[in-house]
Structures are given as structure tokens and as C-alpha cells.
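Colleague: from the sequence below, what's the structure:
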Amino acid sequence: MNEIKGNRHLAGTWAEVWVEGFKIAEINKISAKVTVNREEVQTGMDIDTKITGAKGEGTLSLVKTYSRFDSYRRKAMRGEDVRTTIIAKLKDPDAAGGQTERYQIGNVAFSEYGFEWEKGSVVKQDVPFVFTPSNMILLDEIEAEQ
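Modeller: So this is what the prediction gives:
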């Protein structure tokens, strides 16, 4: 097994995010996960599981610069269930072979709206979202060098 040098570990410093095709320059962090629902199945004395569904959820964490995403709240309050697409790209210059990891997450619906301001602190904003797991597509991946 080859030793992986420290400079090959990816840093989120190089991450970029777009929502509806607009770059979100003030992004601090993005997280997205797919949770698989499982139901227990018994065969003889063994308890195993069976996948019965999956859900996707995530959060955009921003350093507050603009009044972003309030238009989604206003539309939701009118009963409009607006969906969007997020593109997340990580292009660390030290990645193996200069490769990029890039995801497209479709059918995104923002799920919470609000704000929190604290005197003497930089304002941060978390924007939670949900999505259908089949709409999370790995467009580019970083593969091990041969």
C-alpha cells in the first residue's frame, strides 16, 4: 500500500457552491447526506435488514453577506413548493492528478428559514435543505493514481 502524503488530503478551502446557477461566494460549509431507511427482517434465528427507502438532507452554512434565500421563505408562505439545484465542487490544487470532485443535487427544497444575530460576532446563517437521493449525482470524482 502506498503512503499518502499530507498534501494529498483535501481541504475545504477550495470548495465552491452554486444554487440555481448562481455562485454563493459567502459559503462557509456545505453538508449533504443520504440516510437509508432499513426494516428488520428475520430469517430463521438471524435478524437482518432490508432497505425500504432513503432520504436526503443537508445544510448550507454561510457567512452572512446578503439576504439570500428569503425569497424561498416568502414563496413557501404563499404555498409554493419551490425546488432548485445545488452544484458543489471541490478542486484542491493538491488533489491526486489535479482532479475535481463535483456533485449535482437536484430537487432541493429548503426546509427552515430564520436568522440569528449576536452582538460582537460575525453573523452566520445555516440554511437546511432536503432532496431526493436519486437526484444526487457525482459528476466528477477523484480517483486513486495508478
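Colleague: show me where pLDDT drops low in this protein?
Modeller: 1, 146 (pLDDT under 70).
Colleague: apply 90 and report the result again.
Modeller: 1-15, 25-27, 64-69, 90-101, 114-115, 140-146 (pLDDT under 90).
Colleague: how about the most centrally placed residue in it, secondary structure?
Modeller: Centroid-nearest residue in the chain: residue 32, 3.1 Å away (criterion: CA atoms, centre = their mean). Under DSSP: H, G, I helix; E, B strand; the rest coil, residue 32 falls in the strand class.
Colleague: surely it meets residue 88?
Modeller: Yes - look at residue 32 against residue 88 with CB atoms under 8 Å: they come within range, at 7.3 Å. Every residue, glycine included, has its C-beta placed from N, CA and C.
Colleague: which parts of the protein are helices?
Modeller: Assigned by DSSP state H, the chain shows helices spanning 70-77.
Colleague: what segments of it are strands?
Modeller: 15-19, 22-23, 27-43, 46-63, 84-90, 101-110, 124-131, 136-140 (DSSP state E).
Colleague: tell me the contacts of the residue nearest to the centre of the chain?
Modeller: Residues in contact with residue 32 (CB atoms under 8 Å, 6 or more residues apart in numbering) are 56-58, 86, 88, 103, 105, 131, 136.
Colleague: list buried residues within those residues.
Modeller: 56, 58, 86, 88, 103, 105, 131, 136 (16 or more other CB atoms under 10 Å).
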